[in-house]
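>>> Model the following, please.
(2 chains)
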Protein chains: 2
Amino acid sequence: MKIVLAAFRSLRPYRPLSQLQRLRLATPLLRTASLFHSQAPTVDMAPKTKFELKTAKGTKDWSGKEMVIRDKIFSTITEVFKRHGGVTIDTPVFELKEILAGKYGEDSKLIYDLADQGGEITSLRYDLTVPFARFLAMNKDIQNIKRYHIAKVYRRDQPAMTKGRMREFYQCDFDIAGNYDSMLPDAEVIRIITEVFEGLGWNGAYTIKLNHRKILDGIFQVCGVPEDKIRTISSAVDKLDKLPWADVRKEMTEEKGLDGEIADRIGKWVVLRGRHELLEKLRNDEKLSANESMKQGVADVTLLFDYLEAFGVLDKVSFDLGLARGLDYYTGLIYEVVTEGSAPEATPGSEAAAVKPSKKKSKSNGEDEDRSDDPTIGVGSVAAGGRYDNLVGMFSGKNQIPCVGISFGVDRIFSIINARMAADKSAEQVRGNEVDVYVMALGGKGLVKERLEICAKLWQAGIKAEFLYKAKPKMQAQFKAAEANGVPFAIFIGEDELAQGKIKVKEMGLKDGHPEKDGVLVDTVRMAEDLKYRIQRKRELESITIQAGGLKVVDGIKGNQAAKKEAEAKAEEAPAAPAADATTEAPAS
Amino acid sequence: MKIVLAAFRSLRPYRPLSQLQRLRLATPLLRTASLFHSQAPTVDMAPKTKFELKTAKGTKDWSGKEMVIRDKIFSTITEVFKRHGGVTIDTPVFELKEILAGKYGEDSKLIYDLADQGGEITSLRYDLTVPFARFLAMNKDIQNIKRYHIAKVYRRDQPAMTKGRMREFYQCDFDIAGNYDSMLPDAEVIRIITEVFEGLGWNGAYTIKLNHRKILDGIFQVCGVPEDKIRTISSAVDKLDKLPWADVRKEMTEEKGLDGEIADRIGKWVVLRGRHELLEKLRNDEKLSANESMKQGVADVTLLFDYLEAFGVLDKVSFDLGLARGLDYYTGLIYEVVTEGSAPEATPGSEAAAVKPSKKKSKSNGEDEDRSDDPTIGVGSVAAGGRYDNLVGMFSGKNQIPCVGISFGVDRIFSIINARMAADKSAEQVRGNEVDVYVMALGGKGLVKERLEICAKLWQAGIKAEFLYKAKPKMQAQFKAAEANGVPFAIFIGEDELAQGKIKVKEMGLKDGHPEKDGVLVDTVRMAEDLKYRIQRKRELESITIQAGGLKVVDGIKGNQAAKKEAEAKAEEAPAAPAADATTEAPAS
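Below is the predicted model:
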């Protein structure tokens, strides 16, 4: 019992501390566990009120229905990745700080560092791309790979939680590394993007904005941007999705010291978007078409459009000269996927909705509160990527491996799907767990050992089963527990039935008057086999229902409710059981 | 091109730095990316030789066959968790430091802290249990849950990599929270442990050591250990799996100042192990049986044994009075799973094997090198857990939720399975990716757009397909790529065939003389359907093979090779294809 009490000490009421003790507790860093487990008389912790029960800023727990939806997003994306020959790798959550240095441009300030506790200096990964390049540089036997990686990354940014802008968030990355013919892997990555969003049921309601770093460079060179300003001017251009050109021009000239005339020349181009006709426009401009970088970029995009046409996805892309992407490592094609809600509400033509702006502030120390309610912040792009031919070489020197890839922002995708489902209500059907059978005792004795034996038999056969953790449970309590989780089948154990070597199987939720409404007796030795058949049959009928009704969990956009109801009705009418020797009978209790 | 060069700067040859620049580069923390992207003339990084390309100490990349095996372990464990009604939650990788303080006893020094970058003080999670308790305390509507969580945890310990003792490693946790009748959830957790290891094919080759904190407390109290020494004496007892009693006694008396006579009295008990007969021995001791804590513990274990018998798993446990578990938060039953290799090689009766001791040291700064070669270090326990009834209350105060759970150490389990598979050789069959169809062009034109169109059709139908990223690939190169990945089917596209609206489907690896050795012509419109049938059929035949041969990927311990070969032979003899209108013909190239 002392052990328990020892663990409780931190919650004991406040008692006066010595001056030395106060000093040691002055900073949170000193309030470590070691204080409480020294062999000397233990010291009490600071008063309870100082202890705020929460997750760290910009992070959250995932559970319940949200978790089920997010898992469904993961499995949809993984399925697409595997369909394209992807294999997965797993790299550590933290890297040597040197590995991350110099890769993220102006965003490097957002990197999370681990404390120097004696040893190496490390940081939490900022994305999955740089660790992938580091992996390739270290594994010289891998000269080509299609790898996917679904994992958390970290950015010390201002969070906007309900919009999926978090400090800890998932990325789902697919990258193709290897020396290949121009634009073939790039085109497949674009195709993968469309398969993911179609798989999620977005049904074309997204746009893949794309551009080419060499085309941008060509524009900047021809317009007269000095070499050393190209990166920073590029960063300014990248804000065109959030700000009007006038503001971006101001940033270029006033903040970044660019000549106003040069800015105006840039402004003529970076507001353009299109497809073949825009390529034509670039080709027809005398100065641009003479620029070497531009020539290469235009040739690439021309070939890409050919391939995208063959893949049947050209209509999903918008060639957008205002897309720049902030990261340093891109060298060729760049792209970004946007949808309704990506842009802030203020932007004309968008309907961010779902989250209404309000004056309410979250209770925090103010320095970095959640910006979910800020109408000037949208969800942002839901996927982004590009070609980075030199990143591996930044680590390995000689062994250069060209790469192209895409990163899906699952938390942002989730926040959009969640908002759509909230409007649609079809998400109510998401079950808490996957249990197929609830094992219940009839009568007052509880039959606890018998219930355990039956469960062991079911588990042995791979059947998902539960029972109530009561030695002598009431019938009502057992039923309630099964119904709360929507468990489809129940097994009743009674002394009389057991004496005959039988148990009773009942499908839950059958209508009054159904021949098996009160359950059927089944030989205990045939129990597992019988249940497997019933579960399989029920699942097949439900699968028809789901197919008819659209992707049940994720596709909250447009489910064919009529077809679904029809299939459900069909499922209920279907004949009930095989069970050659089963007899129908009312439960004994 | 400038962008590329900018990104390369960190690898440029060393140039002399100004004194200020040197100062700024003096500590690694200052060498941040921002230096390289300021608008002022950029500063070069320290000479290239200082940059070691590696993952952080105690962490590693997972890829290839290792990754496939580990994924198989995850899916086996997840399947068991779901079978018992588990639902998953996801908590952040870092927590407020206060949340972790005071929970891990002497091991608190191993917690990784994040740097104080202005804002909250946070640490990487040390396990998944404390975050789970924090989650329950924050979500008062959840009064009971069976939750599982598979995620990485962090400990700044001395690594022994090949033995699966890492600084970053996965835990797979299952916990049952809620107010229930005594020992029912506890018994189910023990049952879950057996299902996991049986599922992994360990076939009984493991032992679940268990004890009860109240029984230990009873022994310590009756033997006369002072209240304030109970935790530290308990930690000493916990080392009995690595050290002989004489060494543990020495730690108690010399290091921890316990009276020698008291130690001797403890020594009489903590070396005992057994099952019912050991319970009997405790009951029959006059002094022990009068102790209140002991009484409760013995009643619990007696009831537990009853339930384990009903679950059919009593023979897997060993009631071991020397098991203490270091963590502070356990309040009742505790357990730990060991197998061959868990104990150091030096321990009599164990056969750690696989990793031979050697004098070779890894190249490191010496302060914390990998101890994989140290023969005094075993893999350690492969799973551990227990009951912790007061942990949630440490966060929530009033809202106390009793919990019991188990944590599987996947990296350790992996290292054991990997060593067994290396000995067995059956792992050679693990495929790199899951692609079912490789799309190839016949003739020299490459037919790149046609290949893309065919691939798009296959992907649309959900078929996993690849093609070579060459505009005009050689036949040989395409074949080689398909064979390297063991892709089971090929599609050949030729101009003549396309003109007839047909492609050729070929199953790879058919024997000479097989009627479909050279492939069959299939209508392009029926292609996806035809291939789906062929893939499904082949998969079913392979599934028979796998069932006959034991769990192919993981069960390297005992595979029925004879049965496997037989099934393989059967698969080859089976009739080849349905394809009503398919005609057999030699490929055109």
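>>> Make sure A:Val525 is actually in contact with A:Gly501.
Yes. Using C-beta atoms under 8 Å, A:Val525 and A:Gly501 qualify as a contacting pair, with a distance of 7.3 Å. From N, CA and C alone the C-beta is placed, and that goes for glycine too.
>>> ok, A:Ser63 to chain B distance?
Using C-beta to the nearest C-beta, to the nearest Å, A:Ser63 is found at 4 Å from chain B.
>>> swap that for A:Leu521, sorry
Plainly put, A:Leu521 is 23 Å away from chain B if you go by C-beta to the nearest C-beta.
>>> For A:Glu309, give its distance to A:Gln400.
In this structure, A:Glu309 lies at 30 Å from A:Gln400, with C-beta to C-beta, to the nearest Å as the measure.
>>> What does the pLDDT read for the residue nearest to the spatial centre of chain A?
The centroid of chain A falls nearest to A:Val410 when counting by C-alpha atoms, centre = their mean (2.8 Å). What the model reports as pLDDT for A:Val410 is 93.
>>> likewise A:Asn418?
The score at A:Asn418 is 87. That number is its pLDDT.
>>> give me the number of residues near it?
A:Asn418 has 19 neighbours, counted by other C-beta atoms under 10 Å in any protein chain shown.
>>> Go ahead and confirm it touches A:Glu66.
Yes. The pair A:Asn418 and A:Glu66 passes the contact test of C-beta under 8 Å, sitting 6.9 Å apart.
>>> backbone phi and psi for the residue of the stretch 251-400 of chain A found nearest chain B, please?
Closest contact between the stretch 251-400 of chain A and chain B, by C-beta to the nearest C-beta, is at A:Ala310 (3.8 Å). Summarising the backbone geometry of A:Ala310 under the convention degrees, to the nearest 10, its torsions are phi -60, psi -30.
>>> Quick check: chain neighbours aside, which residue is closest to A:Gly178?
Closest residue to A:Gly178 apart from its sequence neighbours, by C-beta to C-beta, 6 or more residues apart in numbering or on different chains: A:Asn144 at 2.8 Å.
>>> residue contacts, the one you found?
Counting by C-beta atoms under 8 Å, 6 or more residues apart in numbering or on different chains, A:Asn144 touches A:Ile176, A:Ala177, A:Gly178, A:Asn179, A:Tyr180, A:Ile401.
>>> Now the buried members of those.
With neighbours counted using 16 or more other C-beta atoms under 10 Å in any protein chain shown, these contain these buried positions: A:Ile176, A:Ala177, A:Gly178, A:Tyr180, A:Ile401.
>>> residue contacts, the third one?
Spelled out, that is A:Gly178. The contact partners of A:Gly178, taken as C-beta under 8 Å, 6+ apart, are A:Gln143, A:Asn144, A:Ile145, A:Pro185, A:Ile401, A:Pro402, B:Tyr469.
>>> Distance of A:Glu495 relative to A:Ile535?
Between A:Glu495 and A:Ile535 the computed distance is 27 Å (C-beta to C-beta).
>>> Neighbour count: these two, which is higher?
Higher neighbour count among A:Glu495 and A:Ile535: A:Ile535, with 17 against 13, using other C-beta under 10 Å.
>>> And the host helix or strand of that one, what does it pack against?
Secondary structure assignment for A:Ile535, by DSSP states H and E: helix A:527-549. Packing contacts for helix A:527-549, counted by 3 or more C-beta pairs under 8 Å, 6 or more residues apart in numbering or on different chains; DSSP states H and E, involve helix A:448-460, strand A:489-493, strand A:502-507, helix A:561-573.
>>> State the next helix or strand along the chain beyond the helix or strand A:Asn418 falls within.
When elements are defined using DSSP H and E, A:Asn418 is found to belong to helix A:410-424. Going down the chain from helix A:410-424, the next helix or strand is strand A:437-441, by DSSP H and E.
>>> Which strands border that following strand, and is each parallel or antiparallel?
Strand A:437-441 has the following sheet partners, assigned by DSSP bridges: strand A:465-467 (parallel), strand A:489-493 (parallel).
>>> could you give the mean pLDDT of the helix or strand following the first one?
Helices and strands here follow DSSP H and E; after strand A:465-467, the next one along the chain is helix A:475-484. With pLDDT averaged residue by residue, helix A:475-484 scores 93.
>>> And chain A, split by domain according to the record?
With automatic domain parsing serving as the domain definition, the record reports that chain A contains domains spanning A:2-50, A:59-202+A:405-424, A:207-338, A:437-584.
>>> quick one: which of those is nearest B:Gly380?
Ranking the domains of chain A by proximity to B:Gly380 (C-beta to C-beta) places domain A:59-202+A:405-424 first, at 20.5 Å.
>>> now that closest one: how far from the chain's centre is it?
Mean-position distance between domain A:59-202+A:405-424 and its chain equals 9 Å (C-alpha atoms, centre = their mean, to the nearest Å).
>>> Put together TSV for the contacts of A:Asn144, with pLDDT on each row.
Output for the contacts of A:Asn144, formatted as TSV (pLDDT from 0 to 100):
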residue	pLDDT
A:Ile176	97
A:Ala177	97
A:Gly178	96
A:Asn179	95
A:Tyr180	96
A:Ile401	95
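>>> and of the residues you listed, the nearest to chain B?
Checking those against chain B by C-beta to the nearest C-beta gives A:Tyr180 as the nearest, at 3.4 Å.
>>> For that closest one, give me its contacts.
With contact taken as C-beta under 8 Å, 6+ apart, A:Tyr180 is in contact with A:Asn144, A:Pro402, B:Tyr469, B:Lys470.
>>> what's the burial count for the third one?
Look at B:Tyr469: counted by other C-beta under 10 Å, it has 21 neighbours.
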